[in-house]
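>>> my questions are about this predicted structure, shown below with the sequence.
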Amino acid sequence: MEQGIELAVIGGTGLYQLAGLEEAEAHQPATRYGMPSGPARVGVLHGHRVAFLARHGEGHSVPPHRINYRANLAALQALGARRVLALNTVGGITAAYGPRVLACPDQLIDYTWGRVSTICEEEGREVVHVDFGEPYDRALRAAVLEAARASGTALVDGGCYGATQGPRLETRAEIARMRRDGCDLVGMTGMPEAALAREMGLDYACLAIVANWAAGAGPDPDEVITLQDVLDNVAAASRGLPALLEALLATRPR
């Protein structure tokens with residue numbers, strides 16, 4: 001088992017490597033849940049040992065509903081990770097969460113279906129009922145927010161992430177319903193990842209990178225979302241990540 005990993009980062013759409021990660025070695029351990037999406041790159045970032053895993057695979061070959069979320073988290077845990085920072089590319093629903101915004105949500109609504117969403121699947125395994133009222137670890141969220149302040153990185157504190165099935169984008173009616181439900185952001189990978197992390201005893205928080213307005217949510221209701229627009233917005237919203245991560249790594253985990 002790899003020791004001394006201070007932070008594991010899971011990258012979403014448009015984020016397939018971690019800038020500045022040095023001396024990186026690839027690890028892809030088999031887990032009791034199968035193989036992860038791809039190798040975890042374990043190296044040194046700002047003097048600290050960090051692991052990075054591309055959620056969709058490094059070639060973006062795994063769609064949201066086919067990701068082996070259990071194996072991804074179990075692989076990072078086997079490598080010695082305790083704190084997990086999830087980077088999720090999302091759409092914005094409410095006014096404060098427009099394209100190129102970076103946000104740290106504090107709530108979730110799960111609209112996914114058919115995904116393996118618990119580690120309590122195997123016959124004879126003890127059933128665990130974790131408290132999920134606050135779906136993100138409070139201490140890690142606080143550390144992320146403080147790191148943003150310390151590094152001068154613009155970050156929206158809070159918001160509700162609505163997790164949808166994908167891989168298609170949502171209809172206007174679906175986004176209108178999600179707005180009524182209280183969602184500020186929409187993405188396809190926030191669940192079951194967050195719940196599985198809680199079951200596995202991992203400290204887990206999300207950085208949501210807003211790539212586009214959700215259907216009908218922006219100032220131009222007829223806007224057509226292109227992949228290039230998404231990638232450009234992800235790149236722009238991610239510019240503050242290196243400084244934020246440096247500040248986060250400078251904080252001591254509880």
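Cool, the structure landed.
>>> buried set for the lowest-mean-pLDDT helix or strand in the chain?
Ranked by mean pLDDT, DSSP states H and E, the weakest helix or strand in the chain is helix 227-237, scoring a mean of 89. Neighbour-count burial for helix 227-237, counted by 16 or more other Cβ atoms under 10 Å, picks out 230, 233-234, 237. (Each C-beta comes from the backbone N, C-alpha and C, glycine too.)
>>> so what secondary structure elements neighbour that helix?
On a contact count with 3 or more Cβ pairs under 8 Å, 6 or more residues apart in numbering; DSSP states H and E, helix 227-237 meets strand 203-213.
>>> neighbouring strands - and their directions - for the strand it packs on?
If you go by DSSP bridges, strand 203-213 pairs up with strand 83-92 (parallel), strand 102-104 (antiparallel).
>>> C-alpha coordinates for it, PDB please?
Taking Å, rounded to 0.1, in the frame of the first residue of the first chain, the C-alpha atoms of strand 203-213 are listed here in PDB:
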ATOM      1  CA  ASP A 203     -13.300  12.700   3.500                       C
ATOM      2  CA  TYR A 204     -14.900  14.000   0.300                       C
ATOM      3  CA  ALA A 205     -15.700  17.400  -1.200                       C
ATOM      4  CA  CYS A 206     -16.600  18.600  -4.600                       C
ATOM      5  CA  LEU A 207     -15.300  21.500  -6.800                       C
ATOM      6  CA  ALA A 208     -17.900  22.100  -9.500                       C
ATOM      7  CA  ILE A 209     -16.600  23.600 -12.700                       C
ATOM      8  CA  VAL A 210     -19.400  25.300 -14.600                       C
ATOM      9  CA  ALA A 211     -19.000  24.600 -18.300                       C
ATOM     10  CA  ASN A 212     -22.300  25.900 -19.700                       C
ATOM     11  CA  TRP A 213     -25.800  27.100 -18.900                       C
END
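>>> hmm, which two among the buried residues of helix 227-237 are most spread apart?
230 and 237 (10.6 Å; Cβ to Cβ).
>>> please identify every residue contacting each of those two.
residue 211 (Cβ atoms under 8 Å, 6 or more residues apart in numbering).
>>> tell me the contacts of the residue nearest to the spatial centre of the chain?
The centre of the chain sits closest to residue 86, judged by Cα atoms, centre = their mean, with a distance of 2.8 Å. Contact partners of residue 86, counting by Cβ under 8 Å, 6+ apart, are 9-10, 12, 55, 189-190, 193-194, 204-207.
>>> contacts only, for residue 198.
Contacts of residue 198 (Cβ under 8 Å, 6+ apart): 130-132, 135, 204.
>>> and the residue nearest to residue 193 when sequence neighbours are not counted, what are its phi and psi?
For residue 193, ignoring the flanking residues on the chain, the nearest one in space by Cβ to Cβ, 6 or more residues apart in numbering is residue 69 at 4.8 Å. Note on residue 69: backbone dihedrals following degrees, to the nearest 10 are phi -60, psi -40.
>>> how much space separates residue 69 from residue 10?
Residue 69 sits 10 Å away from residue 10 when distances are taken as Cβ to Cβ, to the nearest Å.
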